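K.L.:
Got a sequence here, can you model it:
(one chain, ligands or ions: 1)
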Amino acid sequence: MNERGDILVVGGGPVGTALALGLERRGCAVTLLEARPAGGGEDDARTLALSHGSRLLLERLGVWPLSPPATPILEINVTQRGGFGRVELTAAEAAVPALGYVVEYGALQRALGAALARSRVRVEVGCAVLEVGGDADQACVTVSQGGTRREMCGALVVVADGGGALELAAVERRDYAQSALVCEVASEAPHRHRAFERFTAEGPLALLPNARGWALVWTATPERAATLAALDESAFCAQLREAFGPTLGAFSLCGARSVFPLQLKVAARTTTPRCVLIGNAAQTLHPVAGQGFNLGLRDAHELARLIAVHGVADAGVQRLLDAFFAKRRVDRSATVFFTDTLIRLFSNDIPQLAALRGLGLTALASLPAARKFVARRMIFGARG
Ligand SMILES: Cc1cc2nc3c(=O)[nH]c(=O)nc-3n(C[C@H](O)[C@H](O)[C@H](O)COP(=O)(O)OP(=O)(O)OC[C@H]3O[C@@H](n4cnc5c(N)ncnc54)[C@H](O)[C@@H]3O)c2cc1C
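P.N.:
All right, here's what the predicted structure looks like:
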């Protein structure tokens with residue numbers, strides 16, 4: 001069967017769903033193709049720090065407030081293990097109500113799914129896209145659903161598959177030789193809406209305030225992450241206290257531990273004829289400083305905005321795709337550079353670099369304007 005739709009979005013993760021909603025609000029006919037069954041992403045163990053800018057975009061899509069509610073971050077505390085220097089970024093100094101909001105991936109997916117159910121977006125679940133092709137006139141995908149293969153065509157295909165198997169452009173990769181262990185923990189001291197990012201030689205350790213406890217993102221070598229995941233609760237909490245330090249007192253474990261391997265994957269070009277890559281399909285980043293989804297949401301917002309400006313009839317034309325690529329270039333490359341540099345600079349125990357990092361943190365701590373710049377850059381991205 002050969003079907004004709006307007007815009008096909010591949011991947012119903014948070015970025016693809018946000019795009020589908022944004023396009024529908026602008027009057028586009030959209031079909032969203034998701035490989036997992038209905039509700040499939042809701043058990044994902046990731047917890048995301050959303051920037052204040054992302055909150056504003058989600059509000060426009062009608063998916064804010066979330067349930068359970070997101071936990072605001074009012075202060076971010078950055079330190080390095082075994083070195084001097086400390087920076088505190090505050091919401092008050094950045095002149096925003098919160099520096100960010102901590103949400104569970106599953107809660108975000110549920111809210112996006114509820115908004116989808118209220119919309120006119122056509123959703124196909126259990127529908128895996130196997131191939132994407134296009135020419136000057138239309139884009140087509142081959143899908144497999146319920147054991148049947150078929151082709152669907154439209155004016156534009158947007159790939160938001162999270163950097164899965166559909167590689168449509170040359171990709172630059174770096175294996176960080178790190179994995180992120182994520183879980184919920186509680187501490188003796190309350191979070192008071194503070195987030196902590198502590199750089200260690202093995203990778204950053206982040207504690208994000210989440211409801212009454214913390215979302216832990218602990219980066220380490222893959223071997224150490226696997227060992228930490230297998231420890232019993234008291235040994236794990238003791239290791240966490242050792243790595244984080246005494247600031248929050250003793251920790252206790254509140255849930256299962258999951259491990260994510262980490263790599264950098266950046267598509268050289270995010271457009272091919274009648275096709276656009278957004279979110280993790282365009283760039284998969286290290287989770288340091290919580291940038292990946294925030295960047296992907298800005299991709300989705302900008303694409304929906306440009307399609308509305310150019311007109312739905314022109315959704316897949318080359319000049320729109322070129323405009324999208326150009327418009328996203330600065331934010332994309334600045335965010336990739338920012339996260340990648342943090343990892344290269346901080347994930348080692350070279351003494352000279354530790355001293356340099358300490359000086360950098362101390363300088364930042366003493367310069368309010370620089371702190372405000374860093375905070376607002378993390379909240380709103382780099383302007384193109
Ligand atoms: C440990 C960890 C912590 C993180 N913390 C943060 C954070 O604090 N803040 C932040 O902004 N980002 C964070 N990120 C990054 C964030 O998770 C991603 O940037 C975000 O999930 C990307 O969304 P996406 O929709 O592009 O991809 P995904 O979330 O991967 O969703 C892709 C969707 O596409 C579907 N799919 C895949 N292949 C196909 C196919 N062939 N056909 C149809 N459907 C398909 C999948 O089933 C899935 O539903 C973190 C990442 C990790 C690993």
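
K.L.:
Show me what counts as buried in stretch 142-157.
P.N.:
143, 152-157 (16 or more other CB atoms under 10 Å). No exception for glycine: its C-beta is placed from N, CA and C like everyone else's.

K.L.:
Could you do stretch 306-314 as well?
P.N.:
Buried-residue list, stretch 306-314, by 16+ other CB under 10 Å: 306-308, 312.

K.L.:
thinking again about what came up before, please produce JSON lines containing the buried residues of stretch 142-157, extended by secondary structure.
P.N.:
What follows is the buried residues of stretch 142-157, written out as JSON lines (DSSP: H, G, I helix; E, B strand; the rest coil):
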{"residue": "143", "secondary structure": "strand"}
{"residue": "152", "secondary structure": "strand"}
{"residue": "153", "secondary structure": "strand"}
{"residue": "154", "secondary structure": "strand"}
{"residue": "155", "secondary structure": "coil"}
{"residue": "156", "secondary structure": "strand"}
{"residue": "157", "secondary structure": "strand"}
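
K.L.:
ok, which pair from those is furthest apart?
P.N.:
Greatest spacing in the buried residues of stretch 142-157, by CB to CB: 143 and 155 (17.2 Å).

K.L.:
Now do the phi/psi pair for the residue in the stretch 101-250 of the chain that the ligand sits nearest to.
P.N.:
Sorted by distance to the ligand under CB to the nearest ligand atom, the residues of the stretch 101-250 of the chain start with residue 162, at 2.2 Å. When quoted as degrees, to the nearest 10, the phi and psi of residue 162 stand at phi 70, psi 20.

K.L.:
what about the residue nearest to it when sequence neighbours are not counted, how many neighbours?
P.N.:
Sequence neighbours aside, residue 280 is the residue nearest to residue 162 in space, at 4.4 Å (criterion: CB to CB, 6 or more residues apart in numbering). By other CB atoms under 10 Å, 24 other residues sit near residue 280.

K.L.:
Hmm, residue 295 and residue 280 touching each other?
P.N.:
No - with contact defined as CB atoms under 8 Å, residue 280 does not reach residue 295; the gap is 9.3 Å.

K.L.:
rewinding a little: of the buried residues of stretch 306-314, just say which sits nearest to residue 355.
P.N.:
Nearest member of those to residue 355, counting by CB to CB, is residue 306, at 45.8 Å.

K.L.:
Now render the buried residues of stretch 142-157 as JSON lines, adding pLDDT and distance to residue 65.
P.N.:
Putting those into JSON lines (pLDDT from 0 to 100; distance: CB to CB, whole Å) gives the following:
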{"residue": "143", "pLDDT": "97", "distance to residue 65": "34"}
{"residue": "152", "pLDDT": "95", "distance to residue 65": "35"}
{"residue": "153", "pLDDT": "94", "distance to residue 65": "38"}
{"residue": "154", "pLDDT": "94", "distance to residue 65": "33"}
{"residue": "155", "pLDDT": "93", "distance to residue 65": "34"}
{"residue": "156", "pLDDT": "96", "distance to residue 65": "32"}
{"residue": "157", "pLDDT": "97", "distance to residue 65": "32"}
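
K.L.:
just these now: which is nearest residue 284?
P.N.:
Using CB to CB, those come closest to residue 284 at residue 157, 19.4 Å.

K.L.:
partners of that closest one in the sheet?
P.N.:
Going by DSSP bridges, residue 157 is paired in beta bridges with residue 8, residue 275.

K.L.:
who's in contact with it?
P.N.:
Applying CB atoms under 8 Å, 6 or more residues apart in numbering, one finds that residue 157 lies in contact with 7-10, 132, 134, 139-141, 274-276.

K.L.:
on that earlier part again, okay, the residue nearest to residue 162 and residue 165: tell me how far apart.
P.N.:
13 Å (CB to CB, to the nearest Å).

K.L.:
what do you get for residue 315?
P.N.:
Taking CB to CB, one finds residue 315 at 25 Å from residue 165.

K.L.:
Also residue 177?
P.N.:
Applying CB to CB to residue 177 and residue 165 gives a distance of 23 Å.

K.L.:
So which of these two has more stuff around it?
P.N.:
residue 177 (14 against 9).

K.L.:
got the contact list for residue 377?
P.N.:
So residue 377 contacts 334, 338 (CB under 8 Å, 6+ apart).

K.L.:
Leaving out chain neighbours, which residue sits closest to the closest residue to the ligand within the stretch 1-150 of the chain?
P.N.:
Of all residues in the stretch 1-150 of the chain, the one sitting closest to the ligand is residue 13 (2.0 Å; CB to the nearest ligand atom). Using CB to CB, 6+ apart and skipping the chain neighbours, the partner closest in space to residue 13 is residue 162 (5.3 Å).

K.L.:
What is the neighbour count of that neighbour?
P.N.:
19.

K.L.:
wait, it sits on residue 278?
P.N.:
No - in this structure, residue 162 is not within contact of residue 278 by CB under 8 Å, at 10.5 Å.

K.L.:
which element is the closest residue to residue 222 other than its chain neighbours on?
P.N.:
Closest residue to residue 222 apart from its sequence neighbours, by CB to CB, 6+ apart: residue 179 at 4.5 Å. Taking DSSP states H and E as the definition, one finds residue 179 inside strand 171-187.

K.L.:
Are there helices or strands packed against the following helix or strand past that strand, and which ones?
P.N.:
Following strand 171-187 in sequence order, the next helix or strand is strand 194-200 (DSSP H and E). The helices and strands touching strand 194-200, judged by 3 or more CB pairs under 8 Å, 6 or more residues apart in numbering; DSSP states H and E, are strand 75-80, strand 203-210, helix 233-244.

K.L.:
Go through the ones you listed and name the closest to residue 108.
P.N.:
strand 203-210 (12.9 Å).

K.L.:
Quick one: check that closest one for contact with the ligand.
P.N.:
No - figure legend: strand 203-210 not in contact with the ligand (CB under 6 Å from any ligand atom); closest approach 7.1 Å.

K.L.:
strands paired with that strand, and their directions?
P.N.:
strand 194-200 (antiparallel), strand 213-220 (antiparallel).
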